[in-house]
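# structure of the sequence below:
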Amino acid sequence: MSIGVSSANADAGSTTARLRLERGWSRQRLAHEFHRLASQRGERLPSANSVIKQIYRVESGRTHTPEQPYVDLWCEVFGVGADVLFGSAASAVDPPADETGPYEVVSHKFIPVHLGGQRAAALAARVDATPAAGQWWAGCRILPVETAAGRSADLYVWPWGVALAHLREELELETLTDLALWRRSSYPASRAWTDEQVRGITGDQEISSPYCFSGYWLKSAKWEGERLDRAVRLLSMPSQLLQRVDRTDDAAALLAGGRQVEQVMMRDGVERADLVAFGASGVSVAYASWSSVAYHPLVAESALPESELVACELLVQGIWCYTREILHQVEAGIDPVVPVPYGWRFLRAVRSRLTVATPEETGQAHSMRVAVLETSKIVPQLDAALTALRDSEAGG
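The predicted model follows:
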């Protein structure tokens, strides 16, 4: 039965396999050589088993052109050019020379905590709580919080019983994989910091944040054209570059593997079913997914302001956390209990604000709102919570 291996792939595979066999080497022996050379070059490769699998994929024709640093390692081991081993496509593996150097991105982390109506009201009544300007819904208050150097942080309190930490951090990185690793490693610390702040303010040591959602504002890009579009796509789903948490916690292996995946995606394209574009041609490049939201202004004077993206996510995440808490109660087999002013009629009003365009809404803001609603799946969750409250005596 055919396995669908193209003749070009088979040719590349037969060349690499022939050169290995001429030396009397096993794939394990070749993997050892790759590790030795990579170490000399100051690079780290994944485990021996992972390298052997990569060798097998190339030799069997399943992969025609491997990622870096494998192309260079194959060439160095056997003393031949990449075109001999892999054909002209190998020249497309390396990024363009003008993409060297860092890029600048602002990370926005949104970390909600469900407090309940009474605690939220108590926080909002504090003398140091001030009205939060520029919000998509009235009644939001902001509290000052201490934070570490290199980032700014605000604690927002929504009157329906949700506190939401917003952490803004400016980063300068070399690769998108660097961002993915930073994101994965910093999430636990950011959530722990949020929990500590909210526990300290409320005195409730049982409070715990359920999740962290990120948005990325690409300030300075080093990519152009199609590769810029692919980079912003990856910013909206950075975890796509890394192995699952349960597969490995080896940072060096994650970095090496992630950079290989990044090179392939930047070369071949980035697709995922839940990816939604909301940029404006010639003005911005923007994508939203279940994982993150990413935005790059091409013309700053015409693009969305950064504050608009933040305001959108502050409301969406505040309602997402609230409706999720309602549904947790439903799933526990009890009628949900909520503050009287924030029952099903309130959710109906919020649904209208989120889903219906206003006369003053710009086309770009409209596209962003629609993309965020679609990828966050908040509307069906909001509808389910609304129905539950409507059916319950506690729903007001």
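# number of nearby residues for residue 157?
29 (other CB atoms under 10 Å). For every residue, glycine as well, the C-beta is placed using N, CA and C.
# can you pull the pLDDT of it?
You'll see residue 157 listed with a pLDDT of 96.
# how far away is it from residue 381?
Distance of residue 157 to residue 381, given as CB to CB, to the nearest Å: 21 Å.
# what sits against residue 46?
By CB atoms under 8 Å, 6 or more residues apart in numbering, the residues touching residue 46 are 253, 256-257.
# that one - that's part of a strand, no?
No - counting by DSSP: H, G, I helix; E, B strand; the rest coil, residue 46 is not found in a strand; it is coil.
# excluding chain neighbours, give the residue nearest to it in space.
Distances taken as CB to CB, 6 or more residues apart in numbering place residue 253 nearest to residue 46, at 4.5 Å, with adjacent residues excluded.
# neighbours of that neighbour, how many?
17.
# isn't it right up against residue 49?
No - between residue 253 and residue 49 there is no contact under CB atoms under 8 Å: 11.0 Å.
# looking at stretch 286-299 now, give me its mean pLDDT.
97.
# can you list the buried residues in it?
For stretch 286-299, a neighbour-count test (16 or more other CB atoms under 10 Å) marks 286-297 as buried.
# kindly report the same for stretch 300-313.
Buried, per 16+ other CB under 10 Å, within stretch 300-313: 303-304, 306, 308-313.
# tell me the one of those nearest residue 136?
Closest to residue 136 out of the buried residues of stretch 300-313 is residue 311 (5.3 Å), distances taken as CB to CB.
# endpoints of stretch 275-291, how far apart?
From its first residue to its last, stretch 275-291 covers 9 Å (CA to CA, to the nearest Å).
# start the count at 4, not 1, going forward
I'll keep to 4 as the first residue from here, and by that count the last item is stretch 278-294.
# can you give the distance of that stretch from its chain's centre?
The chain centroid and the centroid of stretch 278-294 are separated by 13 Å under CA atoms, centre = their mean, to the nearest Å.
# so where is the stretch 54-203 of the chain shaky, pLDDT-wise?
90-101, 151-153 (pLDDT under 70).
# mind doing that once more with 80?
65-72, 83-103, 150-153 (pLDDT under 80).
# quick one, helices of it?
73-81, 85-89, 120-127, 179-205 (DSSP state H, counting those that start in this stretch).
# the stretch 254-399 of the chain too?
With DSSP H, counting those that start in this stretch as the criterion, the stretch 254-399 of the chain has helices spanning 254-271, 309-334, 347-358, 366-379, 381-394.
# dump these to TSV, plus mean pLDDT and distance to residue 28.
Below are the helices of the stretch 254-399 of the chain laid out as TSV (pLDDT from 0 to 100; distance: least, CB to CB, whole Å):
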stretch	mean pLDDT	distance to residue 28
helix 254-271	82	22
helix 309-334	97	53
helix 347-358	96	61
helix 366-379	97	48
helix 381-394	96	55
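# quick check: which of those is nearest to residue 283?
Of all those, helix 366-379 comes closest under CB to CB, at 5.3 Å.
# okay, the closest one in CSV with CA atoms only?
What follows is helix 366-379, C-alpha atoms only, in CSV (Å, rounded to 0.1, in the frame of the first residue of the first chain):
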residue,chain,number,x,y,z
GLY,A,366,-14.6,49.2,11.1
GLN,A,367,-11.3,48.0,12.7
ALA,A,368,-12.9,47.9,16.2
HIS,A,369,-15.8,46.0,14.7
SER,A,370,-13.5,43.4,13.1
MET,A,371,-11.5,43.0,16.4
ARG,A,372,-14.7,42.6,18.5
VAL,A,373,-16.1,40.0,16.1
ALA,A,374,-12.8,38.1,16.0
VAL,A,375,-12.4,38.1,19.8
LEU,A,376,-16.0,36.9,20.3
GLU,A,377,-15.7,34.1,17.8
THR,A,378,-12.4,32.8,19.2
SER,A,379,-13.2,33.1,22.9
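# show me the contact partners of that helix.
277-283, 286-287, 289-293, 296, 306-307, 311-312, 315-316, 319, 323, 357-358, 360, 364, 382.
# now do stretch 196-205
So stretch 196-205 is contacted by 114, 116, 118, 122, 125-126, 146, 148-151, 158, 166, 168, 170, 207-208, 210-212 (CB under 8 Å, 6+ apart).
# rewinding a little: mind checking the helices of the stretch 254-399 of the chain for the one nearest to residue 110?
helix 309-334 (11.8 Å).
# for the closest one, name the packing helices and strands.
If you count contacts as 3 or more CB pairs under 8 Å, 6 or more residues apart in numbering; DSSP states H and E, helix 309-334 packs onto strand 106-117, strand 154-161, strand 165-176, strand 216-223, strand 295-300, helix 347-358, helix 366-379, helix 381-394.
# and it, how far from the chain's centre?
17 Å.
# list only buried entries from the contacts of stretch 196-205.
Among the contacts of stretch 196-205, those classed as buried by 16+ other CB under 10 Å are 114, 116, 118, 122, 126, 146, 148, 150, 158, 166, 168, 170, 210, 212.
# how close does residue 291 get to residue 187?
Between residue 291 and residue 187 the computed distance is 20 Å (CB to CB).
# cool, residue 347 as well?
38 Å.
# between those two, which has more neighbouring residues?
Neighbour totals were compared for residue 347 and residue 187, and residue 347 leads with 20 against 17 (other CB under 10 Å).
# how many other residues sit next to the closest residue to that one other than its chain neighbours?
In this structure, residue 347 finds its nearest non-sequential neighbour in residue 392, 3.9 Å apart by CB to CB, 6+ apart. Residue 392 is flanked by 26 other residues according to other CB under 10 Å.
# do the same with residue 25
If we define neighbours as other CB under 10 Å, then residue 25 has 9 of them.
# measure it to residue 59 for me?
When residue 25 is compared with residue 59 (using CB to CB), they lie 18 Å apart.
# now residue 356
Relative to residue 59, and taking CB to CB, residue 356 is found at 55 Å.
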